[in-house]
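In: Got a sequence here, can you build the structure:
(4 chains)
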Protein chains: 2
Amino acid sequence: MKSKTYHHGDLKNALIKAGVEILAKEGIGKLSLRKVALKAGVSHTAPYSHFSDKQSLIAAISTEGFQRLSKALDSAIKSHANNPKKQLIKSAQVYTEFALRNKDIFKIMFSSALEKEKEYPAFVEISQKTFIQVVDIVRACQEANIIKSGEADVLAVIIWGQVHGIIALAIEGQISHTILEKKSLQEIVTQAVEQAIKK
Amino acid sequence: MKSKTYHHGDLKNALIKAGVEILAKEGIGKLSLRKVALKAGVSHTAPYSHFSDKQSLIAAISTEGFQRLSKALDSAIKSHANNPKKQLIKSAQVYTEFALRNKDIFKIMFSSALEKEKEYPAFVEISQKTFIQVVDIVRACQEANIIKSGEADVLAVIIWGQVHGIIALAIEGQISHTILEKKSLQEIVTQAVEQAIKK
DNA sequence: TTAAAATCTTGACAGTGTCAAGATTACAAT
DNA sequence: ATTGTAATCTTGACACTGTCAAGATTTTAA
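Out: The predicted structure follows:
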């Protein structure tokens, strides 16, 4: 597959993949353009043929992450067709699982693009799509009279924010062990969503 | 106040202050030990007399941030004595305001210490204290029969997580403008807490 | 008074992001 | 098929970073 030609052939994806691996094994602090290049077997400036700068690579990795998350949400939704309540709970659980399994990618997804977000259309598109998935479930819940009606997008922000916040706090070690010994993160998130639903 | 003696006199605090300023003016990406040292008027390795490494300085800055946040929460609580509902809502609003006014400090507070958290006792202490403040309000709400009784700490995580999550998403630009044009972040957070209370 | 500890400096090193110039290859137009 | 142009990749360089080692200066305590 990879003969050592001058042109790599699929370097862009190889760099993203290498970045994801470094992220998973060594964490954000150890992610550098040069190391990614080394891992892909190219010179230290080769990445600049595919990414304008480090931010750009990070944006690509984040995009990857959102694509995987979005996919996972999709199958969660499909696995409970016509049951918005289960869809919502399952989605929250899938979200939690993704975050726990991909801590550093999750962190980078929500802490990089920043104000330059708009410069990466692929990132904007998939992250918006992900949010729309949540909004759609909330809307379905409203139509099924499971949660109160109103602005679905605002409600989605609240519910999504709740799930996201609990996970974020947990990943950053802000939730004490005493609590996490009593209830797993999955249980806490599930309880939170169920409470939000009952209305 | 500052005569240029060999010994600075209060370098540790000066470094933290310089760090906070750089953070506010230039953002996380521009925060470096050397720049902090320069700003404090000392050599590039002087910080190592007070901080073992960069992480350690960041921990100190985070600690500073938590102290300010905790103080703000305190006055929010005191301004509505014997009214836990108002205390809770006001606390959420204070939390929101702090985050919006100190975006980069807020980010660093919840994205640095990581697993080495325990190595910084001052940080652990104040961040725990902050959480306990929230738990106490929740407990007060329970006693006042405003929210359902149960494990106060878990409930606090859920409510705090909700507030934190909405803010985090907003700060990272993950909440669309369409939504934030309809409702300000303060309004969304307030609505979220009020919903959580009604039970 | 003086020995030890704390604080700060200079100098060095490896690692980083990024630019500039040039080499190699792929590809499209002729 | 040839050729010129664009894409891709390399080498080399630069400034900036975190961090260590050695030593200078000052404070503190014995």
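
In: need the residues of chain A near DNA strand D, please.
Out: Residues of chain A lying near DNA strand D by Cβ under 7 Å from any atom of the strand: A:6-9, A:11, A:37, A:42-46, A:48-50. From N, CA and C alone the C-beta is placed, and that goes for glycine too.

In: Widest-spaced pair of those?
Out: Pairwise distances among these were taken by Cβ to Cβ; the largest, 19.2 Å, belongs to A:Gly9 and A:His44.

In: about what we covered before: in strands, which of the residues of chain A next to DNA strand D fall?
Out: Among the residues of chain A next to DNA strand D, DSSP state E puts none in strands.

In: Report the entries of these that also contact DNA strand C.
Out: When Cβ under 7 Å from any atom of the strand is applied, the members of the residues of chain A next to DNA strand D adjacent to DNA strand C are A:6-7, A:44-45, A:48.

In: which one among the residues you listed gets closest to chain B?
Out: Distances from chain B to these, taken as Cβ to the nearest Cβ, are shortest for A:Tyr48 (18.8 Å).

In: How much space separates that closest one from B:Glu181?
Out: 38 Å (Cβ to Cβ, to the nearest Å).

In: Quick check: ChimeraX command selecting the buried ones in the residues of chain A next to DNA strand D.
Out: Per 16 or more other Cβ atoms under 10 Å in any protein chain shown, the buried members of these correspond to this ChimeraX selection:
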select /A:8,11,37,42,46,50
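
In: got a list of what A:Val42 touches?
Out: By Cβ atoms under 8 Å, 6 or more residues apart in numbering or on different chains, the contact list for A:Val42 reads A:8, A:11.

In: any chance of the residues of chain A next to DNA strand D in TSV, with pLDDT and distance to B:Met109 too?
Out: Listed next are those as TSV, based on pLDDT from 0 to 100; distance: Cβ to Cβ, whole Å:
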residue	pLDDT	distance to B:Met109
A:Tyr6	65	47
A:His7	73	45
A:His8	77	41
A:Gly9	78	44
A:Leu11	96	38
A:Ala37	98	33
A:Val42	97	38
A:Ser43	97	39
A:His44	98	34
A:Thr45	98	36
A:Ala46	98	37
A:Tyr48	98	34
A:Ser49	97	38
A:His50	97	34
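
In: Quick check: residues of chain A near chain B?
Out: A:107, A:110-111, A:113-115, A:117, A:127-128, A:131, A:151, A:153-154, A:157-158, A:160-169, A:172-176, A:178-179, A:182-183, A:188, A:191-192, A:195-196, A:199 (Cβ under 8 Å from any Cβ of the partner chain).

In: Now the buried members of those.
Out: Neighbour-count burial (16+ other Cβ under 10 Å) applied to the residues of chain A next to chain B gives A:107, A:110-111, A:113, A:117, A:127, A:131, A:151, A:153-154, A:157-158, A:160-169, A:172-176, A:179, A:183, A:188, A:191-192, A:195-196.

In: Off-centre distance for the helix or strand encompassing A:Glu181?
Out: Here A:Glu181, judged by DSSP states H and E, is contained in helix A:177-182. On the basis of Cα atoms, centre = their mean, to the nearest Å, helix A:177-182 sits 25 Å off its chain's mean C-alpha point.

In: After that helix, which helix or strand is next?
Out: Following helix A:177-182 in sequence, per DSSP H and E, is helix A:185-197.

In: how far out from the middle of the chain is that next one?
Out: 19 Å.

In: and it, average pLDDT?
Out: Per-residue pLDDT values over helix A:185-197 give a mean of 96.

In: Surely A:Glu172 is in contact with B:Phe110?
Out: Yes. A:Glu172 lies in contact with B:Phe110 (Cβ atoms under 8 Å); the separation is 5.1 Å.

In: ok, and the closest non-adjacent residue to A:His44?
Out: The spatially closest residue to A:His44, leaving aside those adjacent along the chain, is A:Arg34, at 4.5 Å (Cβ to Cβ, 6 or more residues apart in numbering or on different chains).

In: Does A:Val94 fall in a helix, a strand, or a coil region?
Out: Assigned with DSSP: H, G, I helix; E, B strand; the rest coil, A:Val94 falls in the helix class.

In: Name the nearest residue to it, sequence neighbours excluded.
Out: A:Val94's closest residue in space is A:Ala76 (Cβ to Cβ, 6+ apart), at 4.4 Å.

In: Now do the contacts for that neighbour.
Out: With contacts defined as Cβ under 8 Å, 6+ apart, A:Ala76 is in contact with A:87, A:90-91, A:93-94.

In: try A:Pro47
Out: A:15, A:33, A:36-37, A:57.

In: Just give me the closest of these to DNA strand C.
Out: Set against DNA strand C, the nearest of those by Cβ to the nearest atom of the strand is A:Leu33 (3.5 Å).

In: what separates that closest one from B:Ile147, distance-wise?
Out: 49 Å.

In: that older thread, number of residues surrounding the residue nearest to A:His44?
Out: Neighbour count for A:Arg34, taken as other Cβ atoms under 10 Å in any protein chain shown: 11.

In: which residues touch A:Val135?
Out: A:152-153, A:156.

In: What about those residues, which are in helices?
Out: A:152-153, A:156 (DSSP state H).

In: Could you grab the helix/strand/coil label for the spatially most central residue of chain A?
Out: Nearest to the geometric centre of chain A sits A:Phe66, at 4.5 Å (Cα atoms, centre = their mean). Under three-state DSSP, A:Phe66 falls in the helix class.
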